[in-house]
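Asker: Sequence and predicted model, in that order:
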Amino acid sequence: MIFKQIKSRNIISLIIFILIFIVYAISSPRTITFWDSAEFVSSSFNLQATHPPGSPFYTMLCSVIMQFFSVTNIAFVSNLISSFFGALTVTFLFKIVYFITTKIQNNKSEFETKLLPYFTGVTSALTLAFSNSFWTASTETEVYTLSFALMTIIIFVMLKWEGASNKEEETKLILLFSFLLGIVTGVHLIIISIIIPITLLYTHKKYGLTIKNTILSLIIGCVLFLSIYMFAIQGVIKLANNLDIWLVNTFKTSVNTGTIIILFLLIFFFLITQWITYKKQKSKLHHITLSILFFFIGISSYIMPMQRVNANTQIANGVSTSNRMLKYIKGEQFGINNIPLLKGYTYNAPLDKNSPFIDGEPVLTYDSNRQKYITVDNGKYSKTNYSDEFSMYFPRLFNKKNEHKYKLWTTIKGDSVNYSVNGETKTIYRPTNQENFNFFIDYQVSWLYLRYLYWNFIGKQNSNHGIGYIKDGNWVSGINSIDKLRVGDISNTPMRFINDKSRNTYYFIPFILGFIGLLSLIRHKHYFLTTIFIFLAFGIGITIYINPVPHSILVRERDYIFIGSFIIFSLWVGLSILLIYNSLKSIFTTKIRLIVVSILVLIGAPLQMLAKGWNDHQRSHDSFSYDFGKAYLDACPKQAILITNGDNMTFPLWYLQEVEKYRTDVRVLNYDQLNLDVNIQNLKKEINTSNPLEFNLDSHLYIDGVDRLIPLQRETNNAAVLTNLFNFLNDSTTLINWNGKLKHYMPTTTFSIPIDTLKIRKHGLNLKELNAIYTPEIKWHFAKNFYELKDIVLLNIITKNIHNRPICFADNGKKNHYIGLQNYFVKNGMVEQLAPLKRKKSLDNPKIVNTTMMYPYVMDKLHFKGLNHEKKYINSENRTYVQDIIRPNYYFLAQALIEEGKTKEAIAVLDKSFTIFPNKTIPYKQYAFALGKLYFRAGLPEKGTEICTMVMENFLEELTWITSFNPPQPMINIKHAEKLKNMYIQMLEQFPGNKTTLKNYEQRFEALEVGFVNWKKTNWPY
C-alpha cells in the first residue's frame, strides 16, 4: 500500500513537472530580455563573474548546459533553464504540501487519506506555477528559479528530517541540508535566511514549541544566519585577506598565497577533526564538523570568480584577490554595506559641529605594478560624522538623495531643531519616529511588498512600472466598489487601461483561500509557525533588511525578490481545501464533498490565474531587447566607441558582442561602470576585434579603494584644455586640503579639446550634406560640485581618441552620460556621434541629423517586430522605450528631411512610424504629437489632425481619470496631473489644425480646469 502511494506520488510529481515546464517553455522568449537576463547569458557563456554579490554556482551550471547547444539558441536555452527550475520548484511544493497534509490528517477514512494530499498538493503547486511573479521569473534568464528550487528542496529535506524515525536518516538529511545551504549561497545569498524559520522544526522535534522555546529558536536562527553570513563567509575571506597582505608585503610571496594557505588549513582542520572525532566516537561533534564541511563544499563555487578573473571580455567583475572578493560579497559596488538597519541618521542630519569628520579604517589594495598591497587611503578623516541629535533607531528615512521622494510618499513635517551649521544657527526639521514608521508602512511594506503580494493573489492593474501613479502597476481586485478608492471608478478609466492584457483580477478569491489555508494549520503549531515565519522572512524580513529608498522603485519593479513569500502563500491556498472540506461535513457525502471542494478551489485559484494570466505571459514573440541592442550597434561607425549607461542600454549590447559576436569592433563603455578600476584597465586591451583605446590617466587616480569624488575648487572661469588638465590631475603635488585630507580638485567648470580638422575628416561625415563646418575646438560647460571618477575617465577617453575613432553616445532618454557635450552631437540613428561641427547659418536648426545614414537605417534596418499586433502582449517597458526613445528618432529624421526639401521621404518615415507603432498598441504621447505636426509641414493636414487629436484625447482622458477622485499618494498624482496639464496646454498652443477642432478641445479643457484647483487644494498635504 505504501509502495503504491509512493509510486503514485512520484508519477503525479513527474506529470506536474512536465506540464508546467511545457507551459513555461511555450511562454518563454526565444532570445534575451531586459535587465540582468543578457548579462547572465553572457557571463554563463563565457564562464565569468556576474555583478556583485555574484552567483557562481548558477553561472557554472548554466555554462555546462550551454556547451551542448549552438550559439544562436543560447539565450533561449538559458531561459529554459529558468523554466526547468521553475517547474522543479512547483514540483517540490507539491511534495511539501502532500507531506504536510498526510501529517495533519487525523481520523480520516482510507479514501480521504489517499486523495486529500493529492488535491491540496496539486492546488498549491499550480497556484504558485500560475502566480504572476513566479510565472514571469520562470520564463527569463535569472537566478531566482534555481534559488527558490533549492529553497523548496531545503524545506522538504527538513520536513523529512522532522519526520525521520532514526538517527542515521536524520544525520543524512542534516548533511544534505548543509550541502544545499552552501550551494544556494552560490546562487543567491539571501536564501540562507531560510535557516531562521527552519530552526522551529528542529526545536519542535527536540524540545517542543512553547512560547519560550519559539522565541529562543528564532533568536538562535538569527544568530546562525549572522554567523554564516558574517563569519563563515565574510570572516574566512577577511582572514585570508589579512594573511595575504602580511605574506605579500613581508615575505614578497605571490598574491593570493594567503588564500591558498587558508584553503589548505581548512582542509587540514576538517580532516584532523573528522579523524579525531571518529576515533574518539564523539558522534555529535563529528556530525557537526561534517555538516560545516559540507556547507563549505557547497560555497566553494566562489572560487570560480577568482579563477576566471583574466577572461578578456567587456563584462568586467574582476575578483583577483581576497581583498576584492570581500568587497564583491558585500556588494560594496552598489553601496549595500552602507545601508543602516538598527540605528542610523536621518536624511537631513547635519555634520557634527565639533568633529564633522572622523578617522576610518585604512584602505589597502593590491598594486600589480609594485607587486604588493599598498595603502591608497590611510583612513584619516574618511568618515562623515553626523550630529547625534539626528540619530534614530530603525532608520527608514536615511538617504540624503531621497529627501524629496520621502516626502512624496509620507507627510513629513518633522520636529524643529536649532543647530549650528558652518557657524550659523539653522532650524532643521528632523523627521519624527512616527513619520519614520509611517514611511516604513506606507512605502516599504504597503507599496513595495504588499502590493506585490496582492498582485499575485488579488489582482494586478497592469504591468506598467508603478511609481505611485493611479494608472500604473497598482493592485486591483475587479470589485469596483473596493478598487475605486485607490484607482478611481471604472467608468472614468480610459478603455486602453481596461483592455490592457496584463490587467488580471481575481476578486480576492486566491487571497481569501490563502488565509483559510493558514487557519487549517492552527492546531499544528510547528507547521503553522514555520510557514508563517518563512512567509515573513522572505516578505517583511527582506523589506527590513534591504531598507529600500523611493529611488529604488524608480528603476524597476522588485516583486521577484519576494517570491519565497509567495511560495508559502501558494502552499496555504492548497491547504484551504482541508478547512473547507472539514467545515462541510454535514452537507455532502465524503466523496462528493472532496471532489466539489477541490474543484471549486482549483477553479477559484490556479485555473482562474492560468486563464487570466495566459495572454500577458506569452512572450515567445518578444525580441524587443535583442532588436533594441542591435539598433544601437548598427548605428555605430566602424571601430566606434559607444558610451552607454544603465543595464538595459548595455547588457543587450554585451550579449550581442560576447555571445553572438555581432559588431565586436564597437567598444561599448558603460558610463556608470567607469568608476571601477577593472573596467578602466580594460580600456587599454584589445577585446574581440575592438582595438585598444588611448588612455593616459595615472593609476593612482583610479586604483581600487581611492576616493572617487573630485571636488570643484574654482580658480578660473577660462576653459581648461583637457590635455593640460590631465597633466594637472596626474601630478601628485597639485593637491588641496579638503576637510583634513589632501585631494585632487577641479579648477574650472569649462573645458576644451583642440581639434585637428585634417585628422577628424576620416570619420566620414559629409559636411556639405550636413550643412555644417568644422570648429577648431570643442568647448563646453560641464558644472558639478563634485566630479566623479567616471567623468574624468570619460573626458580622458574623448580627449585621447577623438581624432582616431568615432565616439558615439547611446540616445536612451537619459543625459548624464553626455557630460554636457550635446551641442557637438550629430544624430546618427539611435546614437549621437560626437563631432566638432556647427551649422553654417546660425538661423538653421542647430540639431544636426545625418539623413544620408539615417533614412535607410530607419526604413530598412530598424526591425521591431510585433509591436503593431493588437492580439500579442507587449511588455510595458517595450512600450515606454518606443514612446520615449524610438519615436524621437523618426521625428528628428522626418524633421531634417523636410528641412532638406525631401518631403516624400519625410512622409514615408512618418507613415512607417505610425504603422509599426500605432496608438492601439503603443499609445500616442508627446513625440507622437510632434510627429503629427510634421504632417502639416509635409502638406497632409488631415493626417496631422488625426494624430494630434488622438494624442490630446489620450491626455484628456488621463487627466479626467486622475482628477475624478481623491487618489492615494496624492502628491505624486498631483505632480503627474500638473505635468499632463502643462503638456496639454502646450499642445493647444501648438495645434496647427483648424480652429473648430481646437475650440472643441479648449472648451473640454476649460470644463476640466474648473475643478482642478479645488482638487489639488483638497489633496495637497503640506
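Answerer: Yes, it's here.
Asker: hey, let's count contacts and neighbours off CA atoms from now on
Answerer: OK.
Asker: Past the helix or strand of the chain with the lowest mean pLDDT, which element shows up next along the chain?
Answerer: When the helices and strands of the chain are scored by mean pLDDT, DSSP states H and E, helix 550-555 comes last with a mean of 68. Beyond helix 550-555 on the C-terminal side, the first helix or strand identified by DSSP states H and E is helix 563-583.
Asker: okay, which residue is most central for this protein?
Answerer: residue 556 (5.6 Å; CA atoms, centre = their mean).
Asker: Spit out the contact partners of the nearest residue to that residue once chain neighbours are set aside.
Answerer: Spatial nearest neighbour of residue 556, chain neighbours left out: residue 465 (6.7 Å); criterion: CA to CA, 6 or more residues apart in numbering. Residues in contact with residue 465 (CA atoms under 8 Å, 6 or more residues apart in numbering) are 472, 473, 556, 557, 876, 877.
Asker: Quick one: buried ones out of those?
Answerer: 472, 473, 557, 876, 877 (16 or more other CA atoms under 10 Å).
Asker: Among those, which lie within helices?
Answerer: Secondary structure from DSSP state H places 876, 877 of the buried ones among the contacts of residue 465 in helices.
Asker: Let me see the confidence value for the closest residue to residue 689 other than its chain neighbours.
Answerer: Leaving aside its chain neighbours, residue 689 sits nearest to residue 665 (4.8 Å; criterion: CA to CA, 6+ apart). Residue 665 carries a pLDDT score of 96 in this model.
Asker: Out of the contacts of residue 465, which one has the lowest pLDDT?
Answerer: residue 556 (84).
Asker: Out of the buried ones among the contacts of residue 465, which is nearest to residue 350?
Answerer: residue 557 (32.4 Å; CA to CA).
Asker: can you give me the helices in the stretch 451-600 of the chain?
Answerer: 451-457, 480-487, 495-498, 509-519, 525-536, 542-546, 550-555, 563-583, 590-602 (DSSP state H, counting those that start in this stretch).
Asker: do you know which of those helices lies nearest residue 409?
Answerer: helix 550-555 (8.2 Å).
Asker: can you give me the helices in the stretch 51-200 of the chain?
Answerer: With DSSP H, counting those that start in this stretch as the criterion, the stretch 51-200 of the chain has helices spanning 56-66, 74-104, 110-129, 132-137, 144-163, 167-185, 195-206.
Asker: To residue 996, which of those lies closest?
Answerer: That would be, of these and by CA to CA, helix 132-137, which comes in at 47.1 Å.
Asker: Restricting to C-alpha, output that closest one in CSV.
Answerer: The C-alpha trace of helix 132-137 is given here as CSV (Å, rounded to 0.1, in the frame of the first residue of the first chain):
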residue,chain,number,x,y,z
ASN,A,132,2.3,36.4,-11.9
SER,A,133,5.7,36.9,-10.4
PHE,A,134,6.8,33.3,-10.4
TRP,A,135,5.5,32.7,-14.0
THR,A,136,7.4,35.7,-15.2
ALA,A,137,10.6,34.6,-13.4
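Asker: tell me which strands and helices that helix is in contact with?
Answerer: helix 74-104, helix 451-457 (3 or more CA pairs under 8 Å, 6 or more residues apart in numbering; DSSP states H and E).
Asker: can you list the residues that contact the last one?
Answerer: Right, the one you point to is helix 451-457. Looking at what lies outside helix 451-457 - CA under 8 Å, 6+ apart - the contacts are 131-133, 460, 474-476, 506, 508-511, 559, 566.
Asker: Let me see the mean pLDDT of it.
Answerer: Rounded mean pLDDT across helix 451-457 is 97.
Asker: Please compute how far it lies from its chain's middle.
Answerer: Taking CA atoms, centre = their mean, to the nearest Å, the mean C-alpha location of helix 451-457 is offset from the chain mean by 18 Å.
Asker: can you check the longest one too?
Answerer: Mean-position distance between helix 74-104 and its chain equals 24 Å (CA atoms, centre = their mean).
Asker: buried set for that helix?
Answerer: For helix 74-104, by 16+ other CA under 10 Å, it's 74-102.
Asker: what's the spacing between residue 480 and residue 491?
Answerer: Separation of residue 480 from residue 491 (CA to CA, to the nearest Å): 9 Å.
Asker: neighbour count winner among the two?
Answerer: residue 480 (15 against 11; other CA atoms under 10 Å).
Asker: Wait, that one touches residue 487, no?
Answerer: No: contact criterion CA atoms under 8 Å: residue 480 and residue 487 do not qualify, at 9.4 Å.
Asker: Can you pull the residues that touch both of those two?
Answerer: Residues within reach of residue 480 and of residue 487 at once, by CA under 8 Å, 6+ apart: there are none.
Asker: Checking residue 668 next. Helix, strand or coil?
Answerer: strand (DSSP: H, G, I helix; E, B strand; the rest coil).
Asker: Go ahead and confirm it touches residue 642.
Answerer: Yes: Residue 668 lies in contact with residue 642 (CA under 8 Å); the separation is 4.8 Å.
Asker: Would you check how far apart the closest residue in space to residue 534 that isn't next to it in sequence and residue 324 are?
Answerer: Sequence neighbours aside, residue 197 is the residue nearest to residue 534 in space, at 5.6 Å (criterion: CA to CA, 6+ apart). Computed as CA to CA, the residue 197 to residue 324 distance reads 32 Å.
Asker: Looking at the two, which one has more neighbours?
Answerer: The residue with more neighbours, out of residue 197 and residue 324, is residue 197; 24 against 21, by other CA under 10 Å.
Asker: can you pull out the helices in the stretch 251-400 of the chain?
Answerer: 257-279, 283-299, 304-307, 322-330.
Asker: distance between whichever helix or strand residue 237 is part of and the chain's centre?
Answerer: Per DSSP H and E, residue 237 falls inside helix 234-251. Helix 234-251 sits 34 Å away from the centroid of its parent chain (CA atoms, centre = their mean).
Asker: quick one: what helix or strand has residue 418 in it?
Answerer: strand 415-421.
Asker: CA atoms of that strand as PDB?
Answerer: C-alpha atoms of strand 415-421 as PDB (Å, rounded to 0.1, in the frame of the first residue of the first chain):
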ATOM      1  CA  ASP A 415      10.400  68.500  14.800                       C
ATOM      2  CA  SER A 416      12.300  71.700  14.700                       C
ATOM      3  CA  VAL A 417      15.900  71.500  15.900                       C
ATOM      4  CA  ASN A 418      18.200  74.600  16.100                       C
ATOM      5  CA  TYR A 419      21.700  73.500  15.100                       C
ATOM      6  CA  SER A 420      24.900  75.400  14.200                       C
ATOM      7  CA  VAL A 421      25.900  74.700  10.600                       C
END
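Asker: which residues are in contact with it?
Answerer: 350, 351, 353, 425, 426, 427, 428, 429, 430, 431, 432.
Asker: taking those one by one, which sit in strands?
Answerer: Counting by DSSP state E, the contacts of strand 415-421 place 425, 426, 427, 428, 429, 430 in strands.
Asker: Write the PyMOL selection for whichever of those residues are buried.
Answerer: In PyMOL, a selection of the buried entries from the ones in strands among the contacts of strand 415-421 looks like this (16+ other CA under 10 Å):
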select buried, resi 428+429+430
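Asker: what about the stretch 501-650 of the chain, any weak spots by pLDDT?
Answerer: Within the stretch 501-650 of the chain, the stretches with pLDDT under 70 are 552-554.
Asker: Can you get me a residue count around residue 986?
Answerer: 12.
Asker: Three-state assignment for it, please.
Answerer: Residue 986 is classified as helix under three-state DSSP.
Asker: distance of it from residue 961?
Answerer: Distance from residue 986 to residue 961, by CA to CA: 20 Å.
Asker: Equivalent analysis for residue 426, please.
Answerer: In terms of CA to CA, residue 426 sits 43 Å off from residue 961.
Asker: what does residue 562 give?
Answerer: Residue 562 is 31 Å from residue 961, where distance means CA to CA.
Asker: Could you do residue 377 as well?
Answerer: Going from residue 377 to residue 961 by CA to CA gives 56 Å.
Asker: same thing with residue 584?
Answerer: Residue 584 is 45 Å from residue 961, where distance means CA to CA.
Asker: that older thread, can you tell me which of the helices of the stretch 451-600 of the chain is nearest to residue 187?
Answerer: helix 563-583 (14.3 Å).
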